[in-house]
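1. Please work out how this folds:
(chains A and B)
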2 protein chains.
Amino acid sequence: MGRPKGNHEDRRGDVAEAVWQVLATDGFNGLTIRAIARQMQATTGVVTHYFGSKREIVGYALDLLESRSRTRQPRTAADGLPALRSAVMDMLPLDAESTTANRVWISSWDHALADPQFQRDHARRYADGVERLTALVQAAQKCAALCAGDARLMATELHSFALGLIVQAVLDPANYSAVQQVSLLEDYLARLRPTHLSR
Amino acid sequence: MGRPKGNHEDRRGDVAEAVWQVLATDGFNGLTIRAIARQMQATTGVVTHYFGSKREIVGYALDLLESRSRTRQPRTAADGLPALRSAVMDMLPLDAESTTANRVWISSWDHALADPQFQRDHARRYADGVERLTALVQAAQKCAALCAGDARLMATELHSFALGLIVQAVLDPANYSAVQQVSLLEDYLARLRPTHLSR
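-> Below you'll find the predicted structure:
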């Protein structure tokens, strides 16, 4: 090991950082004890001190992903349509940090689909996301910034749109710059506004 | 091996079927020489006769996925809005076969993101998808079934919506039945119609 042992909490922080770096570069498929050890410049023994199995590593990585997403500062606290727009922008890969986080989310689906518990956790996370958007759609409808209609349906469609845009933008960054993503979102939201007149 | 050796083409078909079954159950992460051999009731030697490396297996699986998608019978050949609706329905996991195919697609993203060549192939596939939808949007606009507007923008948003809906439906089938997916699509398309009046 290249550096002195810190206390247990420091070391856990090092493990978290190493797991994150491996995920960002090689995805869940590349997340092995060996890769984590290499990233930490430590022996595999140090890593196995923390993780008993590949499944434990994956579970830890998913928790890490969720806690990182939760602690990110949301864009704005405004009401109405700006709040809804901001909530979706917070999901999109508009900068390096959120691109990394989204890349890791996408890569987690392979593992989640092969493990019922992980899959349930993911389903719950996305249901929470739809819930949050539903409340924002309702608030925007109240101040007449969005047209009336089934708020949950509108929120579910918007959530699907955001999720799919994330996938396309992460897989094809050349054709989905931040500017292009935001303009797609603006166009999408424009169609939900009462001022939108179909031509 | 449990059965007599067929000719080379038969055997390649067996390999393809085994790769597909492993992908459907365990995703790309579970796609190992050992798993393929087990599925074929063959020795790992038979499998390594076809594949030199994990990357070769993954490449083969991605090609298999693409050729399976291409050979699926599209829903209808109608024009206008029905053609657009059918094209999106052909993407969605509305039955067991398309659920399996979509599950495999989603699971492929982890590998695609860790390999520039695979990622480029994926980006090209999704760009082709947007292209196809753009032509259908334009055709529907011509017969006034869809309101005017930038067809590519509308198609890109619809493609994102479909992709995100696929992810949600595959991860959370209990909350995204075929009926629910189709009703989300109908609601989405209704907003693109010239008869849609914002309330």
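2. For A:Ala101, see how far away A:Asp14 is.
-> 20 Å (C-beta to C-beta, to the nearest Å). All C-beta atoms are positioned from the backbone trio N, CA, C, and that covers glycine.
3. buried stuff in stretch A:132-146?
-> A:133-134, A:136-137, A:139-141, A:145-146 (16 or more other C-beta atoms under 10 Å in any protein chain shown).
4. Also stretch A:30-45?
-> A:30-31, A:33, A:35-37, A:39-40, A:42.
5. what's the spacing between A:Tyr60 and A:Ala18?
-> On the measure of C-beta to C-beta, A:Tyr60 and A:Ala18 end up 11 Å apart.
6. related to what we said a few turns ago, also near chain B: which of the buried residues of stretch A:132-146, exactly?
-> By C-beta under 8 Å from any C-beta of the partner chain, no member of the buried residues of stretch A:132-146 lies near chain B.
7. and which of the residues you listed is nearest B:Val179?
-> A:Thr134 (19.9 Å; C-beta to C-beta).
8. Return the residues in contact with that closest one.
-> Counting by C-beta atoms under 8 Å, 6 or more residues apart in numbering or on different chains, A:Thr134 touches A:151-152, A:155-156.
9. Give me the subset of the residues you listed lying in helices.
-> A:151-152, A:155-156 (DSSP state H).
10. buried subset of those?
-> Buried members of the ones in helices among the contacts of A:Thr134, scored by 16+ other C-beta under 10 Å, are A:151, A:155-156.
11. so which of those comes closest to chain B?
-> Proximity of these to chain B (C-beta to the nearest C-beta) peaks at A:Thr156, which lies at 6.1 Å.
12. Using the record's assignment, carve chain A into domains.
-> A:8-67, A:73-190 (automatic domain parsing).
13. Once you drop chain neighbours, what's closest to the residue nearest the centre of chain A?
-> Centroid-nearest residue in chain A: A:Asn102, 4.6 Å away (criterion: C-alpha atoms, centre = their mean). Leaving out its chain neighbours, the residue that sits closest to A:Asn102 by C-beta to C-beta, 6 or more residues apart in numbering or on different chains is A:Pro93, at 4.5 Å.
14. tally of neighbours for the one you found?
-> The number of residues packed near A:Pro93 is 24, by other C-beta atoms under 10 Å in any protein chain shown.
15. Could you do A:Ala96 as well?
-> 9.
16. now A:Gln117
-> 10.
17. could you measure it against chain B, distance?
-> Distance, A:Gln117 to chain B, by C-beta to the nearest C-beta, to the nearest Å: 13 Å.
18. Could I get the pLDDT score of that residue?
-> Looking at A:Gln117, its pLDDT reads 91.
19. and if you look at A:Val46?
-> Taking A:Val46 on its own, its pLDDT is 87.
20. Quickly note the distance from it to A:Val22.
-> From A:Val46 to A:Val22 the distance is 14 Å (C-beta to C-beta).
21. A:Leu31 too?
-> 5 Å.
22. and what of A:Phe28?
-> 9 Å.
23. neighbour count winner among those two?
-> A:Phe28 (27 against 24).
24. I'd guessed the more buried one sits against A:Ala112; true?
-> No. A:Phe28 sits out of contact with A:Ala112 when judged by C-beta atoms under 8 Å, with a separation of 9.1 Å.
25. Could you check which helix or strand contains A:Ala140?
-> helix A:116-142 (DSSP states H and E).
26. How far does that helix sit from its chain's centre?
-> 13 Å (C-alpha atoms, centre = their mean, to the nearest Å).
27. Same question for stretch A:90-102.
-> That offset, for stretch A:90-102, works out to 7 Å (C-alpha atoms, centre = their mean).
28. Touching that stretch from outside, list them.
-> A:24, A:65, A:68-69, A:72, A:74-75, A:103, A:129, A:162-163, A:165-166, A:169-170, A:173, A:178, A:181-182, A:185.
29. Narrow those residues to those that are buried.
-> Buried among those (16+ other C-beta under 10 Å): A:24, A:65, A:69, A:103, A:129, A:162-163, A:165-166, A:169-170, A:178, A:181, A:185.
30. Export those residues to JSON lines and append columns for distance to chain B.
-> Below are the buried ones among the contacts of stretch A:90-102 laid out as JSON lines (distance: C-beta to the nearest C-beta, whole Å):
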{"residue": "A:Ala24", "distance to chain B": "10"}
{"residue": "A:Leu65", "distance to chain B": "13"}
{"residue": "A:Ser69", "distance to chain B": "16"}
{"residue": "A:Arg103", "distance to chain B": "6"}
{"residue": "A:Gly129", "distance to chain B": "9"}
{"residue": "A:Ala162", "distance to chain B": "6"}
{"residue": "A:Leu163", "distance to chain B": "3"}
{"residue": "A:Leu165", "distance to chain B": "4"}
{"residue": "A:Ile166", "distance to chain B": "8"}
{"residue": "A:Ala169", "distance to chain B": "9"}
{"residue": "A:Val170", "distance to chain B": "7"}
{"residue": "A:Ala178", "distance to chain B": "15"}
{"residue": "A:Gln181", "distance to chain B": "10"}
{"residue": "A:Leu185", "distance to chain B": "9"}
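31. Many thanks, I have nothing further to ask.
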